[in-house]
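Trainee: From the sequence below, what's the structure:
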Amino acid sequence: MDHYTDEQIMDGIYREDPSVLRYLYKIQLVKIERFILLKGGDKETARDIFQEAMMVVYNKIRNKELVLTCSFSTYLFAICKNLWYQEIRSKSYNILDHSQLDNMVQEPDEEDGLNNELMELLTYHLSKLSKDCQKVLELHFNRKSLTDICKVLGYKDEKYTADRKYRCKKYLFNSVTNDPRYKSLINGL
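Mentor: Here you go, the predicted model:
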């Protein structure tokens, strides 16, 4: 199928339908890459931002929290755009600035009161990861390339390194967003 309705996309994400996910990566990732490249970013950052946005959408759909007031494409693009602008504002690119979870689904101006609590939550869940995952994410958050991470950690190739980084980020994201403290922070907005 070359086109899906918003309902079919959301249902496909919920069911983890490979054809819907391929469609999103084929159509939506291209738009995000183009936007971020035009704004001075690179393809790897665009892919990371897109993956994070997809995890946000996936969790909101799974938790039956997503009610669209615009097209799915517009919604996903807005999340990616917020993540990108947040990254631009960040000079030090620390963990909180990279993954500021409240900003994935909220406008940037709404984040100020939550920074300390989110940082504590992120730090806590990061400390619960394996030492290997902690190192992968530390290098990633310090803007090390896949090549550098591969060399530092002695991984066999960049494909494995990219997969490892993705899995560690996904595990961290899921740990944080499934924490009742995170849910109460977000519900308090």
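Trainee: For the rest of this, base every contact and every neighbour count on C-alpha atoms.
Mentor: Noted.
Trainee: Which positions within the helix or strand hosting Tyr58 qualify as buried?
Mentor: Assigned by DSSP states H and E, Tyr58 belongs to helix 43-62. Neighbour counts using 16 or more other C-alpha atoms under 10 Å place 45-61 of helix 43-62 among the buried residues.
Trainee: Likewise for stretch 31-46?
Mentor: Neighbour-count burial for stretch 31-46, with 16+ other C-alpha under 10 Å as criterion, is recorded at 32-33, 35-36, 41, 45-46.
Trainee: And for it, what's in contact with it?
Mentor: 29, 47, 50, 77, 80, 84 (C-alpha atoms under 8 Å, 6 or more residues apart in numbering).
Trainee: Could you do stretch 149-166 as well?
Mentor: The set of residues external to stretch 149-166 that reach it, using C-alpha under 8 Å, 6+ apart, is 133, 136-137, 139-140, 146-147.
Trainee: Filter those down to the buried ones.
Mentor: For the contacts of stretch 149-166, a neighbour count by 16+ other C-alpha under 10 Å gives the buried set as 133, 136-137, 139-140, 146.
Trainee: what's the average pLDDT for the helix holding Tyr58?
Mentor: Within the predicted structure, the mean pLDDT of helix 43-62 is 88.
Trainee: Can you name the secondary structure element that comes next after it?
Mentor: Counting by DSSP H and E, what follows helix 43-62 is helix 72-89.
Trainee: Quick check: mean pLDDT of that next one?
Mentor: Across helix 72-89, the average pLDDT comes to 85.
Trainee: Can you spell out which helices and strands pack onto that helix?
Mentor: Other helices and strands packing on helix 72-89, by 3 or more C-alpha pairs under 8 Å, 6 or more residues apart in numbering; DSSP states H and E, are helix 18-38, helix 43-62, helix 95-99, helix 101-105.
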